[in-house]
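K.L.:
using only what follows, build the 3D model:
(chains A and B)
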Amino acid sequence: MKSMGVLITYPMSTYLQHQLHNRFTLFRLWDLPNKFNDEVGSIQAVVGSTHVGADRQLIDSLPALEIVSSFSIGLDKVDLDYCKQRGIRVTNTPDVLTDDVADLAIGLILATLRRICESDRYVRNGLWKQNDFKLTMKFSGKKVGIVGLGRIGTAIAKRAESFNCSISYHSRSKKPELKYKYFPNIIELASNSEILVVACSLTDETHHIINREVIDALGPKGVLINIGRGQHVDEPELVAALVEGRLGGAGLDVFENEPDVPEELFRLDNVVVVPHIGSSTVETETDMADLVVRNLEAHFSKKPLLTPVV
Amino acid sequence: MENINVLITSPMNSYLEKQLDKRFNLLRLWTFPQKDEFFKEYSGSIRAVAGNLHVPNDREFIDSLPALEIVASYGVGVNHVDLEYCKERGIKVTNTPDVLTNDVADLAIGLILTTLRRICESDRFVKGGLWKAGDFKLTTKFSGKKVGIIGLGRIGTAIAKRAEAFNCPISYYSRSKKPESNYKYFPSVVELASDCDILVVACPLTEETRHIINREVIDALGPTGYLINIGRGPHIDEPELVSALVEGRIAGAGLDVFENEPHVPEELFKLDNVVLLPHVGSGTVETRNEMADLVVGNLEAYFNKKPLLTPVV
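P.N.:
Coordinates of the predicted model:
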C-alpha cells in the first residue's frame, strides 16, 4: 500500500503521522502550498480533523480521492453530501473516544460547580493563609439535562447517575428503552435542569440550539456544559448572560471560532474554558489513530470499512 | 436553653453561629483577644464546645473547661479531639458524618479528573492566550484505570461507586476485609499501591494511619501512579511526597489536605501535575448548612436529655 497517496490536513497527532507514513505515501497539507498541484493526482485518501476537514474545495482539488477518514467523531468539517454525491467514502472515530469525552464533561461540571481551578489558584497565590475559600455548589443530586443521548450523552448520563443526579434529555426522538425523562422541547429541558450538557452532533438543525431563550430558561443558578461543538451555542448570547449574571456558570471545551475564545470569559471565576481536549489523551489518540489507519487499510484492501458514515 | 454557655472556637460558618445564638448563650472564642482572661471568666460555665480542626480540643484545652459536657464537632474527622480523654472525663463527642459524604466523594473524583486531564492547567493555557500558538498537550485517560482506596467507610464507598461508573476496577485496603464488598481487598497498603493506577486516601486519621502514605508506598505507586488525598494531611509523609513529585517518581497528585494547613509546600506551586485545594471537601453551601444543623441538633438533643444524633464518644 506504500504507493497509496494519503493527505493529512493538519498536524493533530505525531503518532498518527508516523503510522500513516509507515504504510502509505504521506502528504502533509501544511507543507505543500506550492507543490500541491503536482501531487494532487496521486492522493486517494484524506485524513482530516476538527481543525481542517474536507470541504468542497479540497474535494474538488483531488480528482483521485476515494475516501475521507476523519480523526474525530464530529463530521461538521466534512461536506458529507458532496462526498455522497461523488461516491467518496467517509469514516470517523466513534466509540474509542466516548469515555474520554464523557469523563471531561463530568470534569467540567465538577471544576465549574466546585470551583476547583479557582481554589487551586487561591492556594498557589498564598490566599489560604489569610482566609478559607468561599463555599461552592454541590454536584451530587443535581438535575442534569442532556441534549443528545447518543453514545457520549449516554456515557455522561451513566456517570452522573453515580452522583445520584436525576437525568433528563432532549433529542430528535424519544428513546423508549431508556429510563430517563424525555423532554420534546429543549426550553422545557433547560427549565427543568440545573446543569445542561450539550452532547449532540452538529447539524443545520442543532446550530445555535443553545440560544437566548434556552439560556434564560436555564437561569441564574443554572450551569451550561459544552463538549459538543462551539456552533451549538450562540456564543455572544452566552457571554452576555455570564457577564450579566443571568447564567450561573459554564464549563466549555469548544468555541465558535477556535482557537479564539471570548476574552470577557477570562475574568469570570464561574467559567472554566479548556482548549478542545475532549478526546486528547495519550490512550485515546492512539486508539483514534489506529482506527483511522485500519479504515484506510480496509478501504485499500477492498474490505468493509470499520466505522463508515458515508 | 439561652442560659447555657456554648463556646464556638472559630468562625467556620455564620449560619451555624446564627442558629447557636438563637438557642444558647454563644461565646465566640476569636472575639476575645486575651485568652487567659477569657478562660478565667468563663471556664467554669462553658458546658459545650462547637468547633472544627482549626482549634484542637486536646487535653490542655479540655482541662481549661472544667464544666465541659459535650464537644459537637463540625466535620466528620475528629482526630483533633482527644477522644480518650473525653471518654475518661465523661464528655460526649459528636461529629457530622453522612451529610458530607457525597461532597467529599465528588471532590475526590473532581481531583482525579482535574489532575489526570490537566483541566486547571488547560484553563490557564486558554486564559493565557496560548491556544492560538498551538494545541494543548495530551493527557491521561481516567476511565478504566485501576482505583485503589484506603479506607472503605462511607466516603470510600461513595468514591468507589462513582469510580465504577467510569468503568474503573476498584480495590481497597482497610483494617479488616469487608466480606459484603465485591471489590478486591489488599492486606497491605504497599500491595494496593503496586496494583493500582490511582490511590485515594479516605480513611480516618488515627495513630495507626498517620503517614500511612510513606516512601515505600510512594515508590510502589510509581512514576505512572497518581495520589489523591481527601483525608487528612498527616496521612501522608509530606516531605517524601514533595520530593517524589519534584523528582517525577510519581505521575501526579490531587490534594485537598496538608500537614500544616493553611501552609502548602511551595515547591508544589510550580508543578503542573498537581492540583492543590484549600480543604474544601465539604465546602458547599448545601452541605455546610446541613453540617451546622447536625451540630445544633446534637446540642439540642443533649440538653433536652434525648439521644445524641451522631455520637462518636
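K.L.:
by contact count, what packs against the one helix or strand B:Tyr85 maps to?
P.N.:
Assigned by DSSP states H and E, B:Tyr85 falls within helix B:83-89. Counting contacts by 3 or more CB pairs under 8 Å, 6 or more residues apart in numbering or on different chains; DSSP states H and E, helix B:83-89 packs against helix B:59-63, strand B:92-94. Quick note: C-beta positions are derived from backbone N, CA and C, even for glycine.
K.L.:
if we go to 10 Å?
P.N.:
helix B:59-63, strand B:70-73, strand B:92-94 (3 or more CB pairs under 10 Å, 6 or more residues apart in numbering or on different chains; DSSP states H and E).
K.L.:
what about the longest helix out of those in chain B, average pLDDT?
P.N.:
If you go by DSSP state H, chain B has its longest helix at helix B:285-303. Averaging pLDDT along helix B:285-303 gives 97.
K.L.:
what's the spacing between the helix holding B:Tyr85 and its chain's center?
P.N.:
How far helix B:83-89 lies from its chain's middle: 23 Å, per CA atoms, centre = their mean, to the nearest Å.
K.L.:
in it, what counts as buried?
P.N.:
B:83, B:85-86 (16 or more other CB atoms under 10 Å in any protein chain shown).
K.L.:
got phi/psi on A:Glu213?
P.N.:
phi -60, psi -40 (degrees, to the nearest 10).
K.L.:
ok so, going back, in PDB, could you pull the C-alpha coordinates for the longest helix of chain B?
P.N.:
Taking C-alpha atoms only, helix B:285-303 is exported to PDB below (Å, rounded to 0.1, in the frame of the first residue of the first chain):
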ATOM      1  CA  VAL B 285     -23.400  25.900  50.800                       C
ATOM      2  CA  GLU B 286     -25.800  23.000  51.000                       C
ATOM      3  CA  THR B 287     -23.500  20.700  52.900                       C
ATOM      4  CA  ARG B 288     -22.100  23.200  55.400                       C
ATOM      5  CA  ASN B 289     -25.700  24.200  56.300                       C
ATOM      6  CA  GLU B 290     -26.500  20.500  56.800                       C
ATOM      7  CA  MET B 291     -23.400  20.100  59.000                       C
ATOM      8  CA  ALA B 292     -24.400  23.200  61.000                       C
ATOM      9  CA  ASP B 293     -27.900  21.700  61.500                       C
ATOM     10  CA  LEU B 294     -26.400  18.500  62.700                       C
ATOM     11  CA  VAL B 295     -24.200  20.300  65.200                       C
ATOM     12  CA  VAL B 296     -27.200  22.200  66.500                       C
ATOM     13  CA  GLY B 297     -29.300  19.100  66.500                       C
ATOM     14  CA  ASN B 298     -26.800  17.200  68.600                       C
ATOM     15  CA  LEU B 299     -26.500  20.000  71.200                       C
ATOM     16  CA  GLU B 300     -30.300  20.300  71.400                       C
ATOM     17  CA  ALA B 301     -30.700  16.600  71.800                       C
ATOM     18  CA  TYR B 302     -28.100  16.600  74.600                       C
ATOM     19  CA  PHE B 303     -29.500  19.400  76.600                       C
END
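K.L.:
is that helix anywhere near chain A?
P.N.:
Yes. Counting by CB under 10 Å from any CB of the partner chain, chain A has neighbours in helix B:285-303: B:285-290.
K.L.:
would you agree A:Asp260 is in contact with A:Val273?
P.N.:
No. A:Asp260 lies out of contact with A:Val273 (CB atoms under 10 Å); the separation is 11.4 Å.
K.L.:
spit out the residues that contact the two alike.
P.N.:
B:Trp131 (CB atoms under 10 Å, 6 or more residues apart in numbering or on different chains).
K.L.:
returning to that earlier point: and the longest helix of chain B, what does it pack onto?
P.N.:
When contacts are defined as 3+ CB pairs under 10 Å, 6+ apart, helix B:285-303 sits against strand B:5-8, helix B:14-23, strand B:46-51, strand B:70-73, strand B:92-94, helix B:101-116.
K.L.:
okay, and the residue nearest to B:Phe303 when sequence neighbours are not counted sits in which element?
P.N.:
Nearest residue to B:Phe303 in three dimensions, chain neighbours excluded: B:Met1, at 5.4 Å (CB to CB, 6 or more residues apart in numbering or on different chains). Secondary structure here is read from DSSP H and E; on that basis B:Met1 sits in neither a helix nor a strand.
K.L.:
quickly note the distance from B:Met1 to chain A.
P.N.:
28 Å (CB to the nearest CB, to the nearest Å).
K.L.:
ditto for B:Ala244
P.N.:
Taken as CB to the nearest CB, the span from B:Ala244 to chain A is 19 Å.
K.L.:
can you tell me how far that residue sits from A:Ile186?
P.N.:
Per CB to CB, to the nearest Å, B:Ala244 is found 48 Å from A:Ile186.
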